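Student: got a sequence here, can you build the structure:
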Amino acid sequence: MRVLVIGGAGYIGSHVSRQLLDKGHDVTVYDNLSSGLRKNIFAEEEFVQGDIMDYESLAATMKKGFDAVVHLAAFKAAGESMLMPEKYSRNNISGSINIMNAMCETGIKNICFSSSAAVYGEPRYNPIDEKHPQEPLNYYGFTKLAIEQILSWYDTLKGIKAAVLRYFNAAGYDVKGRVTGLEKNPQNLIPVIMETACGVRKKLEIFGDDYPTRDGSGVRDYIHVSDLADAHIAALEYIGTNKRSLLVNLGSEEGISVKEMLAAVKRITGKEVPFTIVERRPGDSAELYASSKKAHAELGWKAERSGVDTIVESTWNAYRKEILHE
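Tutor: Residues are numbered from 1 along each chain as shown. Here you go, the predicted structure:
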């Protein structure tokens, strides 16, 4: 396949690009480098520096001819989305419409879209499956749900088939060490722990330790980013072969608490991670993890690298190399 990976210089995008290249596909990365990194662009792929808000640039790139698009170009900080909804409306929603319209103009019929478990909101039950009500608690989650609905209409009206992948918590790094660019200003737990272990941050803040969980801290589902990448490729093959759209959850189906993750980092890295307990964050759930049964059934996909040790060790290797230069 000839695949255009929009947002391919970012954390998830670089892993998706690497897996596509490993499987012999031709890859072009389209990225504005606002959060992506040049060091995440591989020698084997073509790179176009461009923004999804620039329709002419998008369309000109797509006219080069592609079998499919992978869309990973979204702002993703839930807290920021509540303070700056206009930023998220413009990039996430309007930018996605630009992508779809450019696909219509250039005749590309397949897209894999990076959605999020944030579309579900407060869990009514665990594990969460695709039939769970979609009631986002933040504007970021709303934008993802809105894009899903737009994709559904473009399928009906224009015949563009979409693989919608609802991620839970992406984590880890390429186990072969080929992706080394670290996320800019990370907000997620594991990168924050790593920055604390490396001395970039003074201490970790744990938001609440009085949840009704096994140790009082929040429980989340972490999925290795290379497992996510495999799912993207399987999903593209599915919609290309079956000529129908697809929507699936992607998670490890296991919950890990904040304190358990902290203990795993200490065990694997040998580093003390100073932390303090602070108040809960509004909108945080006690426990949230996935059912990926549909992905197993439809794609033959399983989370094979998503054990906590693999996630922590591969992340530590990247941080140790880039920050501590070990």
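Student: count the neighbours of the closest residue to Ser57 other than its chain neighbours for me.
Tutor: Once flanking residues are discounted, Ser57 sits nearest to Gly50: 4.1 Å by Cβ to Cβ, 6 or more residues apart in numbering. (C-beta placed from N, C-alpha, C; glycine too.) For Gly50, the count of nearby residues is 17 (other Cβ atoms under 10 Å).
Student: one more: Arg38?
Tutor: 11.
Student: which residues does it contact?
Tutor: By Cβ atoms under 8 Å, 6 or more residues apart in numbering, Arg38 lies in contact with Ala9.
Student: with Pro186 as the reference, measure out to it.
Tutor: 18 Å (Cβ to Cβ, to the nearest Å).
Student: same thing with Met1?
Tutor: 31 Å.
Student: residue contacts, Ala59?
Tutor: When contacts are counted by Cβ under 8 Å, 6+ apart, Ala59 touches Ala102, Glu105, Thr106.
Student: how about 6 Å then?
Tutor: The contact partners of Ala59, by Cβ atoms under 6 Å, 6 or more residues apart in numbering, come to Ala102, Glu105.
Student: could you check how far the helix or strand that contains it is from the centre of its chain?
Tutor: In this structure, Ala59 sits in helix 55-62 according to DSSP states H and E. Averaging C-alpha positions (Cα atoms, centre = their mean, to the nearest Å) puts helix 55-62 24 Å from its chain's average.
Student: partners of whichever helix or strand comes after it in the sheet?
Tutor: The helix or strand immediately downstream of helix 55-62 is strand 68-71, counting by DSSP H and E. The strands that strand 68-71 pairs with in its sheet are strand 2-6 (parallel), strand 110-116 (parallel) (by DSSP bridges).
Student: and the helix or strand just after the first one, how far from the chain's centre?
Tutor: Sequence-wise, the next helix or strand beyond strand 2-6 is helix 11-22, with elements assigned using DSSP H and E. Here helix 11-22 is found 12 Å from its chain centre; the criterion is Cα atoms, centre = their mean.
Student: check which element follows the least confident helix or strand in the chain by mean pLDDT along the chain.
Tutor: For the chain, counting by mean pLDDT, DSSP states H and E, helix 78-83 ranks last in confidence among helices and strands (a mean of 90). Proceeding N to C from helix 78-83, the next assigned helix or strand is helix 85-88, under DSSP H and E.
Student: if I look at Lys131, how far off is Trp153?
Tutor: For Lys131 relative to Trp153 (Cβ to Cβ), the value is 21 Å.
Student: the two: who's more crowded?
Tutor: Each of Lys131 and Trp153 has its neighbours counted (other Cβ under 10 Å); Trp153 has more, 11 against 8.
Student: who's in contact with Ile12?
Tutor: So Ile12 contacts Leu72, Ala170, Val225 (Cβ under 6 Å, 6+ apart).
Student: picking that back up, with just CA atoms, put the least confident helix or strand of the chain into CSV.
Tutor: Output in CSV follows, covering the C-alpha atoms of helix 78-83 (Å, rounded to 0.1, in the frame of the first residue of the first chain):
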residue,chain,number,x,y,z
ALA,A,78,-8.1,17.0,27.8
GLY,A,79,-7.6,19.8,30.3
GLU,A,80,-6.4,22.3,27.7
SER,A,81,-9.5,21.4,25.6
MET,A,82,-11.7,22.7,28.4
LEU,A,83,-9.9,26.1,28.4
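Student: pull out the buried positions in stretch 20-29.
Tutor: Leu20, Leu21, His25, Asp26, Val27, Thr28, Val29 (16 or more other Cβ atoms under 10 Å).
Student: ignore what I typed, I meant stretch 67-76.
Tutor: Across stretch 67-76, burial judged by 16+ other Cβ under 10 Å covers Ala68, Val69, Val70, His71, Leu72, Ala73, Ala74, Phe75, Lys76.
Student: ok, of those, which one's closest to Leu324?
Tutor: Lys76 (26.7 Å; Cβ to Cβ).
Student: where do the strands sit along this protein?
Tutor: For the chain, the strands defined by DSSP state E cover 2-6, 26-31, 46-49, 68-71, 110-116, 161-167, 169-171, 204-207, 219-220, 222-224, 246-250, 256-257, 275-278, 287-288.
Student: got the angle for the fifth one vs strand 161-167?
Tutor: Right, strand 110-116. With axes from the mean of the first three to the mean of the last three Cα atoms, to 10 degrees as the basis, strand 110-116 and strand 161-167 are set at 20 degrees to each other.
Student: how far off strand 246-250 does strand 110-116 point, in degrees?
Tutor: Put simply, strand 110-116 runs at 40 degrees to strand 246-250, going by the same axes, to 10 degrees.
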